[in-house]
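*Asks:* sequence and predicted structure are below.
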Amino acid sequence: MNLSPGWAMAAKATGIGAAHWSEIGPANAADPVILAYAYRNGCVLVTNALDFSAILAASGGASPSVVQLRGGDLSPDALGDALFSALARCADDLHAGAIVSVDRRTARVRRLPIAKP
């Protein structure tokens, strides 16, 4: 399930430069294509899918940063404050390369690349 384009609108309303993938590429684009776009353009990818983080972990990639939204209600009304607060608090981590998992109460950060055991 993709996040609503309302997320990009909510981010823009707070002064954050944002675009929904539907403004950039085809809806059926494969995850590696989306990750490659984010990498080339210095974007932080906001998603609720775990696939992007799994790809980064498996590849040993150090970017792009990925923010995973977690919870039942993934609307900007429900998680907007938590996301925008986490983006501000985790800016240095996101700039360096990280996976940040955000829910209503917490933001957990894991720096990239993820070390393989």
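*Replies:* Arrived safely.
*Asks:* right, and the helix or strand after the helix or strand hosting Arg40?
*Replies:* For Arg40, the element it lies in under DSSP states H and E is helix 31-41. Per DSSP H and E, helix 31-41 leads on to strand 45-47 as the next helix or strand towards the C-terminus.
*Asks:* start and end of stretch 53-66, how far apart?
*Replies:* With Cα to Cα, to the nearest Å applied, stretch 53-66 spans 7 Å between its terminal residues.
*Asks:* and for it, what's in contact with it?
*Replies:* With contacts defined as Cβ atoms under 8 Å, 6 or more residues apart in numbering, stretch 53-66 is touched by 31-32, 35, 38-39, 42-47, 52, 68, 93-95, 97-100, 112-114, 116. For every residue, glycine as well, the C-beta is placed using N, CA and C.
*Asks:* and it, what's its mean pLDDT?
*Replies:* Averaged over stretch 53-66, pLDDT sits at 94.
*Asks:* and it, what's buried?
*Replies:* Within stretch 53-66, the residues scored as buried using 16 or more other Cβ atoms under 10 Å are Ser53, Leu56, Ala57, Gly61, Ser63, Pro64, Ser65, Val66.
*Asks:* residues in contact with Val100?
*Replies:* So Val100 contacts Ser65, Val66, Val67, Gln68, Ala86, Cys90, Asp93, Leu94, Ala107, Arg108, Val109, Arg110 (Cβ under 8 Å, 6+ apart).
*Asks:* again, only using 10 Å
*Replies:* The contact partners of Val100, by Cβ atoms under 10 Å, 6 or more residues apart in numbering, come to 44, 46, 53, 65-69, 83, 86-87, 89-90, 93-94, 107-111.
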